[in-house]
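Novice: A predicted structure for the sequence below; I have some questions about it.
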Protein chains: 2
Amino acid sequence: MPRGSGSGGLSYRDAGVDLDAAERAKKGLAALVASTRDANTLSELGSFGGLYAVPADLDAPVLVSSADGVGTKLKVAFAADRHDTVGQCLVNHCVNDILVQGARPLFFLDYLASGAMDESVVQEIVRGVATACKENGCALLGGETAQMPGFYAEGEYDLAGFVVGVVERAKLLDGSRVGAGDALVALASSGLHTNGYTLARRIVFDVMGLGAGDELPGTGRSVADELLTVHRSYLVPLTAPLSQGVVHALAHVTGGGIPGNLPRVLPEGLGARIDRSSWEVPAVFRTLQRAGRVALEEMDRVFNMGVGMIAIVELGAASELSEAVSREGVDAWVIGSVEPGAGVRYA
Amino acid sequence: MPRGSGSGGLSYRDAGVDLDAAERAKKGLAALVASTRDANTLSELGSFGGLYAVPADLDAPVLVSSADGVGTKLKVAFAADRHDTVGQCLVNHCVNDILVQGARPLFFLDYLASGAMDESVVQEIVRGVATACKENGCALLGGETAQMPGFYAEGEYDLAGFVVGVVERAKLLDGSRVGAGDALVALASSGLHTNGYTLARRIVFDVMGLGAGDELPGTGRSVADELLTVHRSYLVPLTAPLSQGVVHALAHVTGGGIPGNLPRVLPEGLGARIDRSSWEVPAVFRTLQRAGRVALEEMDRVFNMGVGMIAIVELGAASELSEAVSREGVDAWVIGSVEPGAGVRYA
């Protein structure tokens, strides 16, 4: 076929895609990715697929996987020009989602899309992803950094991720061990986690008229610090209780709040009673409710209200679990119980 | 905490997120997802993580995973208002990426983000994902449908996916079997696949001034039909050759073209010679080059030029492989050979 005329002809870079910059960014990420490798990680960055050996010492291993995004929490990162926390939120969210089935994470992959590459921002984002991967003992096995001219506003991006973990089939948590009278143990969230940001931003930026650097009333922290707080991983505090077999079920409190998530792990015929007096809802939620004049039922459904994870255990095991979790630096308390019925009843 | 005032207060829906619509959409997807289940799929839609049993009959199984997006091919889908093909492109792209390491896919997860939910479009997209999952024998194990008000233009979305496959460690393709004198067998692409769309759209829509329904000169097809052609999966035509052990290496020709991808599977000290006279570059690429006055080197680096996959085999096995692949409906031919050196040399 004929060669292009050269002068005046179009190139990929003219059209908005810079393959050289993408290649440089990929090389810059190599050290970050390498820092997350473990003995089962077989591939280097740059191979088409990431390689991970199935751990050989497991009986009937079941892979547990989950895909998630960061949602509009990203808009707060854009406003604050702070990009090292959202990757941590993403990894921890995914890790929690498979933890509720008893799985520990093996590896993670990310998808990062923007209109144009800002290499330093990409580094910051992936550093956050790699940091959380290390903290959760999982390998960052690969990912995709997509240049999508015309899709994203300047300085904006979308970030999604995907985790694969493993659990032995006999240790799968599927809710079948849950019974009436079991205790619900709440594990404190670290803030809004990764849910409700479209409403939270509307209230904070539009209704309250605050900027990212302003103090968020009642919290003693800036809007950026409070709203970008990293979504907590519950892997470390729950690893020992899970291995001891005391946990009947776990519910990760994400979009839908406690009423939307807790029933997902309750067997047919069982519901939950939540005792509102058992905890003080953290200041950030109270501020949002007051300033946005949000109905309490709506707050419960959109936000975690200070409860990031709920563990279901036998009543007699509840205080020991609370203490074990608290020793790992995460507040935990009995928030209610399982009872005959359906759904969640607040008392 | 105090209840919201009700009238005048903000809700999540006011802020642009409709949890009920999301729930309805999720229910609508359940049948599509269920149609991809196999004997190792243990979870139902709605559990926090997707469950997949590691196949028990494998010796030293290695998991191979890959993340990818559809890129700006999505803009063509928006222009044509046709959303059932991009999910197929996504799955097939990911399947090809792990196939090059010898892996067959086990399961897939998708990430779909838009500003607001259009339930019928979501159904169309996921139907495409599920169709390709079935064709490739992999389970659609889960995914995330994210509502991101303020991120995407009306009617637009982003779509990414993650595949996990498996290969026995002894059957991993890592390029180590490639030697000088090996033949390069090209497998025909079905069109642009999923790469180069930012440049292609610039040429077709801006330089040529065509619309999605206009005929793309030289192709006898509409712009939409040609540019939305599904990215081909090479799993079926290559399954038998891989199981017979005749394939030394595979290269999936994606972003970077042949020069960017073939060297990724060549050992140190080896390069490739590509014989341009061995095939006729399909009309769509010739039209793009001519209309955009794109340099040939740039064409080679941005587009697949009609070659979607390259298999490396012993010279004596090349014609048998070509015939076996062609019998499965995919044109295949010897396109060159491995030779001492580095990189790709066109002759």
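Specialist: That came through fine. Owing to the predicted nature of the structure, the values given are computational and were not obtained by experimental measurement. Residues are numbered from 1 along each chain as shown, chains lettered A, B, ... in the order given.
Novice: output the below-cut-off pLDDT ranges for the stretch 101-250 of chain A.
Specialist: The stretch 101-250 of chain A contains no residues with pLDDT under 70.
Novice: not counting residues beside it along the chain, what's closest to A:His252?
Specialist: Counting by CB to CB, 6 or more residues apart in numbering or on different chains, A:His252 lies nearest to A:Asn96, which is 4.5 Å off, once chain neighbours are set aside. For the C-beta atoms, the positions are set from N, CA and C on the backbone; glycine is no exception.
Novice: can you list contacts of the host helix or strand of A:Arg290?
Specialist: Counting by DSSP states H and E, the element that carries A:Arg290 is helix A:283-292. The set of residues external to helix A:283-292 that reach it, using CB atoms under 8 Å, 6 or more residues apart in numbering or on different chains, is A:191-192, A:199-200, A:202-204, A:207-208, A:216-219, A:226-227, A:294, A:296, A:299, A:303, A:305-306, B:1-2, B:4, B:9-10.
Novice: circling back: you'd agree the residue nearest to A:His252 is up against A:Ala311?
Specialist: No. Using CB atoms under 8 Å, A:Asn96 is not in contact with A:Ala311; the gap is 11.9 Å.
Novice: any idea how far A:His193 is from A:Leu321?
Specialist: Noted for A:His193: a distance of 21 Å to A:Leu321, by CB to CB, to the nearest Å.
Novice: which residues of the stretch 101-250 of chain A lie near chain B?
Specialist: Contacts of the stretch 101-250 of chain A with chain B, taken as CB under 8 Å from any CB of the partner chain, map to A:101, A:103, A:106-107, A:109-111, A:113, A:141-144, A:146-152, A:156, A:158, A:160, A:162, A:164-166, A:169, A:172, A:196, A:198-199, A:201-203, A:207.
Novice: and the one helix or strand the residue nearest to A:His252 maps to, average pLDDT?
Specialist: Counting by DSSP H and E, the element that carries A:Asn96 is helix A:86-99. Averaged over helix A:86-99, pLDDT sits at 97.
Novice: so which bits of it are buried?
Specialist: Using 16 or more other CB atoms under 10 Å in any protein chain shown as the test for burial, helix A:86-99 gives A:86-99.
Novice: from those residues, pick the one nearest A:Pro61.
Specialist: A:Ile98 (13.2 Å; CB to CB).
Novice: residues in contact with the closest one?
Specialist: Each residue near A:Ile98 by CB under 8 Å, 6+ apart is listed here: A:Val64, A:Ser65, A:Ser66, A:Pro105, A:Val163, A:Gly165, B:Phe48, B:Gly49.
Novice: quick one: contacts for the closest residue in space to A:Ala153 that isn't next to it in sequence?
Specialist: Spatial nearest neighbour of A:Ala153, chain neighbours left out: A:Gly115 (7.2 Å); criterion: CB to CB, 6+ apart. Residues in contact with A:Gly115, defined by CB under 8 Å, 6+ apart, are A:Gly16, A:Gln147, A:Met148, A:Pro149, A:Gly150, A:Phe151, A:Tyr152, A:Ala153, A:Glu154, A:Glu156.
Novice: then A:Ser319?
Specialist: Counting by CB under 8 Å, 6+ apart, A:Ser319 touches A:Val334.
Novice: narrow the contacts of helix A:283-292 to those in strands?
Specialist: A:Leu216 (DSSP state E).
Novice: how long is stretch A:270-284 end to end?
Specialist: With CA to CA, to the nearest Å applied, stretch A:270-284 spans 32 Å between its terminal residues.
Novice: ok, the residue nearest to the spatial centre of chain A to chain B distance?
Specialist: Centroid-nearest residue in chain A, with CA atoms, centre = their mean: A:His93, separated by 1.6 Å. Counting by CB to the nearest CB, to the nearest Å, the separation of A:His93 from chain B is 10 Å.
Novice: isn't that residue up against A:Asp68?
Specialist: Yes. Here A:His93 lies in contact with A:Asp68, judged by CB under 8 Å, at a distance of 5.2 Å.
Novice: now list whatever residues contact both of these two.
Specialist: In terms of CB under 8 Å, 6+ apart, A:His93 and A:Asp68 are both contacted by the residues A:Thr194.
Novice: can you list the domains in chain A?
Specialist: Domain assignment for chain A by automatic domain parsing gives A:19-171, A:183-346.
Novice: any idea of the pLDDT on A:Thr36?
Specialist: pLDDT for A:Thr36: 84.
Novice: and it, that's in a helix?
Specialist: No. Counting by DSSP: H, G, I helix; E, B strand; the rest coil, A:Thr36 falls outside a helix, being coil.
Novice: list the contacts for it?
Specialist: A:Thr36 sits next to A:Ala130, A:Cys133, A:Lys134, A:Cys138, A:Ala139, A:Leu140 when contact means CB under 8 Å, 6+ apart.
Novice: hmm, try it at 7 Å
Specialist: Residues in contact with A:Thr36 (CB atoms under 7 Å, 6 or more residues apart in numbering or on different chains) are A:Ala130, A:Cys133, A:Lys134, A:Ala139, A:Leu140.
Novice: so how far is B:Ala130 from it?
Specialist: To B:Ala130, A:Thr36 is 32 Å away according to CB to CB.
Novice: try A:Ser243
Specialist: Between A:Ser243 and B:Ala130 the computed distance is 37 Å (CB to CB).
Novice: how about the strands of the stretch 51-200 of chain A, start to end?
Specialist: Listed from the start of the chain, the stretch 51-200 of chain A has strands (DSSP state E, counting those that start in this stretch) covering A:61-69, A:104-114, A:139-147, A:157-168, A:183-188.
Novice: how far off centre is the third one?
Specialist: Remark: strand A:139-147 is offset 17 Å from the chain centroid, using CA atoms, centre = their mean, to the nearest Å.
Novice: which other helices and strands does that strand contact?
Specialist: Using 3 or more CB pairs under 7 Å, 6 or more residues apart in numbering or on different chains; DSSP states H and E, the elements in contact with strand A:139-147 are helix A:19-34, strand A:50-53, strand A:104-114, helix A:119-135, strand B:61-69.
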